[in-house]
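Peer 1: sequence and computational prediction follow.
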Amino acid sequence: MGSGGEEVTASVAARTATVVLDRELLELASSLVCLLQDNQISFLNNAGVRMLGLSSAEDAIGRPFEDWVVNDYRFLMEAGWDLLAEEEFLPLKLSRSDGSVFEAELRVRRAPSDGVFFIEGRDISKFVKSAEALREREERLQGILASVAEGIVTINDSGKIESANPAAERMFGFGRGQMAGIDLGDLMPEDLRERHQRFFDAYMSGLFPTLMGRLVEGVGLRRDGSTFPMEISVSELRHGRQRLFTSILRDISERKENEERIRRLPNRNLLNDRMNHALARVKRNGGRMAVLYVDLDKFKPINDSLGHEAGDHVLREVSARLAACVRSSDTVARVGGDEFVVVVEEIQRSAEAALVARKIVDALARPFDYQGHVCQIGASIGVAVFPDDGNSMEEVSKAADVAMYRVKHAGRNGFCFFAGQDHPVEEFND
């Protein structure tokens, strides 16, 4: 009997020592650890005490775990711990003793003893906030990519498109997500693909490092087989060992059409012809002639915000207003994108040219309307007079150009005369 009693005592002591050791090990865990027996907490480690905002583990012993589960998530507990133990992880919200709520993740496992469950919990609030912030940033980025007018595509180191924004899809006539997997060269006419591939291979081999970031013109091929002129700018992004490329594509059809239209305009030739004839008349009859160089202020934002059609509309209106400011015998010519030259013939005094310049400044200061949008511009005007500011039309034209830049530097939206050798400066800048 004595021997048997000693064996039982030793066995109980061993089990007690094992339990004590197990609990000491559980205290080493940095996450919440608790044991449930018959749906009540029988053990809670110190990390769990801190996580739940308790004074000690005794505050939890004998209570059901769902006392700390937020009401909206208690239906999970109703499923039973046996069912929850089959899940890998269980996301939910827990409430601390002070009523504050935090995001948590539980892992439930059955213990060897019947009716005992092992629960491990982590506070994942920081991870959730980081994930939400990341998602918000991605949503903002996607919103930006969807709203920009330029096409943006990402390309892997094999030259295949990984993603494309809506503008790129519209530009090439593809539906949403249909450009993924396409080789960038397939968006170019067939006769340009070999050249594109040679340059791409050369860059990937370490040659032509200056290719990145350059703005080059090319030709795009739409899905329906039609082509269009485009601008391309490619930059490289290293992601670990992977090399990714971002290509910004811009359809420049309108710009090319405008450039071609301006190139075909006889304005410059006609202007030179009329200026030479006017010069000959002044030399023959005496008197003076003024050249006004008109450069529009704040015109570029109209093109950028409303498009080239709006810009063309405003330029047509500008031409009409300029023509209304001069006599039928005078000349108005557009010589650049937003530059005009006005030739005022047969004046006796420079003040007459000043009156014309003032009329133009006032006329162009009035708002322009384009499809309900108010477009506000101004004009910087340089004025030069023959023969006061030059002995030839070339000299007078250069003088007017110099005077115009003086207005630009002085604050724009005004005019001034060129300061010739015998001609005082007359500035009328607003």
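Peer 2: Thanks, I have the structure now.

Peer 1: may I have whatever helix or strand Glu394 lives in as PDB, with CA atoms only?
Peer 2: Element membership of Glu394, judged by DSSP states H and E, is helix 393-410. Output of helix 393-410 as PDB, limited to C-alpha atoms (Å, rounded to 0.1, in the frame of the first residue of the first chain):
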ATOM      1  CA  MET A 393      10.600  95.900 -92.100                       C
ATOM      2  CA  GLU A 394      12.900  93.200 -90.600                       C
ATOM      3  CA  GLU A 395      14.300  95.800 -88.100                       C
ATOM      4  CA  VAL A 396      10.900  97.100 -87.200                       C
ATOM      5  CA  SER A 397       9.500  93.600 -86.700                       C
ATOM      6  CA  LYS A 398      12.400  92.700 -84.400                       C
ATOM      7  CA  ALA A 399      11.800  95.900 -82.400                       C
ATOM      8  CA  ALA A 400       8.100  95.100 -82.000                       C
ATOM      9  CA  ASP A 401       9.100  91.600 -80.700                       C
ATOM     10  CA  VAL A 402      11.600  93.100 -78.200                       C
ATOM     11  CA  ALA A 403       8.900  95.500 -76.900                       C
ATOM     12  CA  MET A 404       6.500  92.700 -76.500                       C
ATOM     13  CA  TYR A 405       8.900  90.800 -74.300                       C
ATOM     14  CA  ARG A 406       9.300  93.900 -72.200                       C
ATOM     15  CA  VAL A 407       5.500  93.800 -71.500                       C
ATOM     16  CA  LYS A 408       5.700  90.100 -70.600                       C
ATOM     17  CA  HIS A 409       8.400  90.700 -68.100                       C
ATOM     18  CA  ALA A 410       6.600  93.800 -66.700                       C
END
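
Peer 1: could you dump the helix or strand following that helix to PDB, C-alpha only?
Peer 2: Note on helix 393-410: by DSSP H and E, the next helix or strand toward the C-terminus is strand 414-417. Provided in PDB are the C-alpha atoms of strand 414-417 (Å, rounded to 0.1, in the frame of the first residue of the first chain):
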ATOM      1  CA  GLY A 414      -0.600  95.700 -71.700                       C
ATOM      2  CA  PHE A 415       1.600  97.300 -74.400                       C
ATOM      3  CA  CYS A 416       4.700  99.400 -74.800                       C
ATOM      4  CA  PHE A 417       6.700 101.000 -77.600                       C
END
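
Peer 1: what's the model's confidence in stretch 349-363, averaged?
Peer 2: Mean pLDDT, computed over stretch 349-363, is 92.

Peer 1: now the strands: where do they sit in the stretch 301-430 of the chain?
Peer 2: 331-334, 339-347, 368-370, 373-375, 378-386, 414-417 (DSSP state E, counting those that start in this stretch).
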